[in-house]
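no sequence for this one, just the structure:
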Ligand code: SF4
């Protein structure tokens, strides 16, 4: 599979749009357990590009996925979902891995 090449400015623009959507949604945040669960799903996904044992990037959307922490971590934002079709984990809290 060929993955899109994201430039830094595209990643910054995507982040700005996603952040705006997250703010409009009321800044929903997942629990530490849910974030860890999503990271585990990503680690076993063929679209995941690991950078370290606790961090990596989704090659479909370019977003960073971390095992913990709420800064620059797509898994932490409760309104975000996996970009794959079908989604490997859904938007919303307490639903990670149940899609
Ligand atoms: S966000 Fe979805 S497609 Fe991307 S690495 Fe994680 S599970 Fe895979």
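Sure thing, it's come through. Keep in mind it's a predicted model, so treat the numbers as computed, not measured.

in the lengthiest helix in the chain, what's buried?
When the chain is parsed with DSSP state H, its longest helix is helix 8-24. Applying a neighbour-count criterion of 16 or more other C-beta atoms under 10 Å, one finds 18, 22 buried in helix 8-24. Backbone N, C-alpha and C define where each C-beta goes, glycine included.

that helix vs the ligand: in contact?
No - Helix 8-24 stays clear of the ligand (C-beta under 6 Å from any ligand atom), getting no nearer than 12.6 Å.

run the chain-centre distance for that helix.
In terms of C-alpha atoms, centre = their mean, to the nearest Å, the centre of helix 8-24 is set 12 Å apart from its chain centre.

mean confidence for it?
For helix 8-24, the mean pLDDT works out to 93.

check contacts around the spatially most central residue of the chain.
In the chain, the residue lying closest to the centroid (C-alpha atoms, centre = their mean) is residue 74, at 3.3 Å. For residue 74, the contact set (C-beta atoms under 8 Å, 6 or more residues apart in numbering) comprises 18, 58, 61, 63, 64, 65, 80.

most neighbours among these, please name it.
Highest neighbour count within those, by other C-beta atoms under 10 Å: residue 65, with 27 neighbours.

does that one touch residue 72 like I think?
No - assessed by C-beta atoms under 8 Å, residue 65 is found out of contact with residue 72, at 10.0 Å.

the ligand contacts on this protein?
41, 42, 45, 47, 48, 58, 60, 65, 82, 83, 84, 88.

between the contacts of residue 74, which sits nearest the ligand?
Of all those, residue 58 has the smallest distance to the ligand: 3.0 Å, by C-beta to the nearest ligand atom.
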